[in-house]
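In: Sequence and predicted structure, then a few things I'm wondering about:
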Amino acid sequence: MNTRGRLWVLIGPPAIVLLAFFVLPMINMGSFSLRQGSFGAARQLWTIEHYRAFAANEAFQRLLLRSTWLALATSLLTVILAYPVAYHLAFKAGGRRMTLMMLLLVPAWTSFLLRILAWKLILGSEGLFSVALQALGLMQEPRPILLYTPTAVVVALVYSWLPFVALPIFAALQRIDVRLLEAAADLGCPPWRAFVRVTLPLSVPGVAAGFFFVFIPTLGEWVTPALVGGADGVMYGNIIQDQFARALNWPMGSLMSLVMLAAMLGLLGLLVGLARLLRLDLEVV
Amino acid sequence: MLSRRGWWRWLGMVLVLSSMLALLGCGRGDAEGLVVLDWSGYEQEVFWADFKAKHPDVPVEWTFFADDSEAYAKLQSGFKADLVHPNVSWLEIMVENDMLQPIDTSKLSNWGGIMEPLAKMGQVDGVQYLVPWEWGYDSILVRTDKVAEVPDSWADLWDPQYAGHVSILDSAEAAVVAASLALGYDPYALTDAQLASVKQKLIELKPNLLGYWSDYTEINQQIASGEVWVGANCWPDAYVAVAAAGVPVEYITPQEGRIAWVYGYAIPKGSANADLAHDYIDALISVESMAEMANQYGYGAANAEVAELTDPQLVELFNLDQPEVLSQSVFFQSLSEAQRAAWTQLWDEVKASQ
Amino acid sequence: MQRQRWPSLGALYYALLALFMYLPIVVLVVFAFNDSPLMVFPLKGFTLQWFRALGQATEMLKALRNSLLLGITSSLVATLLGTMAAIATMRYRFALKGLFLAVASMPLVIPYVVLGVALLILFSTVGVPLSLFTVGVGHVIISVPYVMLIVAARLAGFPASLEEAAQDLGASYWLTLWRVVLPIAAPAIMSAFLTSFTTSFDEFAVSFFLTGTDTTLPVYVYSQLRFPNRLPIVVTLSAIVMVCSVALLLLAEWLRTRGEPATRRVKQ
């Protein structure tokens, strides 16, 4: 089999699956932004009314901006917290590294809803922390800690994404040849310098993958804000979800998703451009 | 280099595990049965025991939804169900879109017991499309030990003394009706100007809110833990559950009236098992089945006789034996597609505003 | 390697993080034994009633089985497809490669609810009845980009010259793939599989729109929030799943280290 043939064998199946079950339905979905209604006759009518409505809706636009900041903060924080643990596991944890890594992932097999419920019990006004703080005399009356604020959304999201970010960074760090670092050390390079000059640049693809893993779904997130965000923690994703599941206004939901997609691609382009400028090798992006 | 054999062992283990599970999956039967699109909690066999007795070989399967709009969207997208359990407020829009088949009440042996006013609510243009099963209230649940003054109206939700301890149901329909009542408007005859002030009013509620509650477990816990003092749009079963746990709470009757809802069963157009569906409904509306529901969840039953079989405390609390109390309540009514869209849009803008 | 005598800073950090990850799980396990249908502190007393009730909750157990089946099958398929795509894009040059990469990563950027509705419309137009299969398709689409990115990131670190060398030595292309490329990518493939499984096992939005009468566990749990007096049963089930997962993991680790020659362990 020649190169071309091999390529077809490799790329054919994923391409066909993506085309049939992703590209086609998404094009159809995207076209909804130009339709009048979600069902029946209104679905057959074309209009740009929804575009006008969105352009005029400052509340939604501001919400998108705020959600973008929230998503950026969440992703940065998660990467910063996940890096040391991935580093530790990759270089210092010996043969148990995969098991230790998996141990971090296993809690995610419990329903996210239930885990958030448990966090609310821990942070709630009668919860573990509140009771402990009161016993220590640090808090006067029972009240919830953090809960029902935008900060709570960030914390809950960091909690849920951390293992997913540690994983790609871990994978990237693992493929670094330890001999490189030993060579650096032999040549008198101090460890922190070896880290900055060798380890960190080589782990950039993993870090980038981890960052995007968090940033992208977080921008569209709706469950977490609904559960712990309170009245001020509502995110853009909640409104999209509402448009689809409650308002049954699929055209508006579709348009709002398109806008979010555009905003996200723009931002990603910016980040990738920045990385190029800094001569970081993102490779996979 | 990390041992590659280690990795392969892991992968091997996964493969073995998967094939075991695949075998597990083979045992599943695909017998044609009755498909019920329902809220979870209603699948308990005590509710449909008569159907089981009559058709022991017909399997019943459920698909659950957690919001009426979800059930609607699923049906509209071609999901085939034999029964659906919507709020009466969705009936008109479903009939308008030709999604339901008429119910033949002569096939229901228990039909005679259904209360007249509720039966009427299941009709569109004189045709019976829905058999009412349960009804209940959306009212305000209050932690009596936490508040200095127990609220007695919908307007009290805005009272600053409850700041940070109010939670309201995350539902456009419920929020718009509650705010309309607080403003003294008829929620189902709002002018554009009134709708604008409803929106303003709901935005003004934000400083008082701890949050929007979206599921029932959430509000129960928030009330029980004392984070929420005033829970708006709570159902009777919230009171039942929280009070049973020994939490001091009161389920108030606001001056403007309680909000009330009626739910029932309807048969989607696409159903090929309409006869079986009728039998299933008949089993549900038997007195025993309804009494079970009333005692478990604290809802009213569509059959007046059920009150005698219901826990007397519940009956008194919710006036389950007096259908006339219903007439003083503000019922969720059918909304047209345009109205529903306008309300949801308004509610989303309220939530998005800062 | 080991120079410090006391636990290193890194180990300490890992322990802290593990605590952070498991604290809610511990709370759930505790509440599985709590004698009250309401999940609030303070605890009310010890009971086994939820475990007994679990035996009768056949709908929920069915949902658990469905979720396991779905998670494993969909992530196997996604891992296969994603790995193929990763190898193709990292090792070949072809026209429209940029476009393919962009499209294949796109599911990451789409809110799950949009994907769910889009697939729902597709299946209802074509007339495919909703079932576990339709949910599985959705999960495969969600997971393929994760797999592709994770595996590609790993392959990027290894020069293609290894494979060329193998082929120069007479190995066929597919044998090279099997003996050289896959082993190199194995850790990433495993990570990718785990990520896919975990995503699928706890995925709600897409499943919600695409489930027929075979409910998955997250969808069931969500609908169960409507009736809190039955919530403790769900919590109990989750606690059991969690304890079993951790036990399985530790067992696997024990088997693995036992199976390895002592010298290997020393070397590491």
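Out: Alright, I've got the coordinates.

In: Setting aside sequence neighbours, what's the nearest residue to the residue nearest to the spatial centre of chain A?
Out: In chain A, the residue lying closest to the centroid (Cα atoms, centre = their mean) is A:Val214, at 1.7 Å. Leaving aside its chain neighbours, A:Val214 sits nearest to A:Ser75 (4.1 Å; criterion: Cβ to Cβ, 6 or more residues apart in numbering or on different chains). (Glycine included, C-beta is placed from N, CA and C.)

In: re the thing from before, pretty sure the residue nearest to the centre of chain A contacts A:Thr78?
Out: Yes - applying Cβ atoms under 8 Å, one finds A:Val214 in contact with A:Thr78, separated by 5.0 Å.

In: shared neighbours of these two, anything?
Out: Contact criterion Cβ atoms under 8 Å, 6 or more residues apart in numbering or on different chains; residues shared by A:Val214 and A:Thr78: A:Leu157, A:Trp161, A:Val165.

In: Helix or strand for the second one, just tell me which one.
Out: Secondary structure assigned from DSSP states H and E places A:Trp161 in helix A:150-174.

In: And that helix, what's buried?
Out: Neighbour-count burial for helix A:150-174 flags A:150, A:152-174 (criterion: 16 or more other Cβ atoms under 10 Å in any protein chain shown).

In: which regions of the stretch 251-354 of chain B lie under the pLDDT threshold?
Out: B:320, B:322-326 (pLDDT under 70).

In: For it, give the residue positioned nearest to chain A.
Out: Nearest residue of the stretch 251-354 of chain B to chain A: B:Thr344, at 3.4 Å (Cβ to the nearest Cβ).

In: Secondary structure element for that residue, which one?
Out: Assessed by DSSP H and E, B:Thr344 sits inside helix B:337-352.

In: Then A:Val234?
Out: Using DSSP H and E, no helix or strand contains A:Val234.

In: Surely A:Arg66 is within a helix?
Out: Yes - assessed with DSSP: H, G, I helix; E, B strand; the rest coil, A:Arg66 lies in a helix.

In: Any chance you could note which residues of the stretch 151-268 of chain C sit beside chain A?
Out: Contact residues (Cβ under 8 Å from any Cβ of the partner chain) of the stretch 151-268 of chain C with chain A: C:152-154, C:156-158, C:173, C:187-188, C:190-191, C:194-195, C:198, C:201-202, C:204-205, C:217-218, C:221-222, C:225, C:234-235, C:238, C:241-242, C:245-246, C:249-250, C:252-253, C:256-257, C:260, C:264-265, C:268.

In: Quick one: buried ones out of those?
Out: C:152-154, C:156-157, C:173, C:187-188, C:190-191, C:194-195, C:198, C:201-202, C:204-205, C:217-218, C:221-222, C:225, C:234-235, C:238, C:241-242, C:245-246, C:249, C:252-253, C:256, C:260.

In: Out of these, name the ones that lie in helices.
Out: C:152-154, C:156, C:173, C:187-188, C:190-191, C:194-195, C:198, C:201, C:205, C:217-218, C:221-222, C:234-235, C:238, C:241-242, C:245-246, C:249, C:252-253, C:256 (DSSP state H).

In: Helices of the stretch 1-150 of chain C, start to end?
Out: Counting by DSSP state H, counting those that start in this stretch, the stretch 1-150 of chain C has helices at residues C:9-31, C:49-56, C:58-91, C:97-105, C:112-126, C:132-156.

In: Skipping its backbone neighbours, what lies nearest residue 118 in space?
Out: Going with chain A. Nearest one to A:Ala118, counting by Cβ to Cβ, 6+ apart, is C:Pro24 at 3.4 Å.

In: The chain in question should be chain B.
Out: B:Leu118's closest residue in space is B:Pro132 (Cβ to Cβ, 6+ apart), at 4.2 Å.

In: what about that neighbour, how many neighbours?
Out: Using other Cβ atoms under 10 Å in any protein chain shown, B:Pro132 has 23 other residues around it.

In: Please apply the same query to B:Glu316.
Out: Close neighbours of B:Glu316, defined as other Cβ under 10 Å, add up to 11.

In: can stretch C:83-91 be found next to chain B?
Out: No - judged by Cβ under 8 Å from any Cβ, stretch C:83-91 and chain B are separated, with a smallest distance of 11.8 Å.

In: Give me every residue in contact with that stretch, excluding its own residues.
Out: Defining contact as Cβ under 8 Å, 6+ apart, one finds that stretch C:83-91 is touched by A:7, A:10-11, A:13-15, C:94, C:97, C:100-101, C:104, C:144, C:147-149, C:151-152, C:155-156, C:160, C:163, C:177, C:181, C:185, C:189, C:192.

In: Buried members of these into ChimeraX, please.
Out: Command for ChimeraX, covering only those of these found buried under the criterion 16+ other Cβ under 10 Å:
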select /A:7,10,11,14,15 /C:100,101,104,144,147,148,149,151,152,155,156,163,177,181,185,189,192
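
In: so who does residue 144 touch?
Out: Because you didn't say which chain, this covers chain A. Each residue near A:Pro144 by Cβ under 8 Å, 6+ apart is listed here: A:Leu123, A:Gly124, A:Ser125, A:Gly127, A:Ser130, B:Glu227.

In: To clarify, I was referring to chain C.
Out: If you count contacts by Cβ under 8 Å, 6+ apart, C:Val144 has them with A:Pro14, A:Val17, A:Leu18, C:Ala78, C:Leu81, C:Gly82, C:Ala85, C:Ala104, C:Pro107.

In: List buried residues within these.
Out: Buried residues within these, counting neighbours by 16+ other Cβ under 10 Å: A:Pro14, A:Val17, A:Leu18, C:Ala78, C:Leu81, C:Gly82, C:Ala85, C:Ala104, C:Pro107.

In: Out of those residues, which comes closest to chain B?
Out: Looking across the buried ones among the contacts of C:Val144 and measuring by Cβ to the nearest Cβ, the closest to chain B is C:Ala78, at 13.0 Å.
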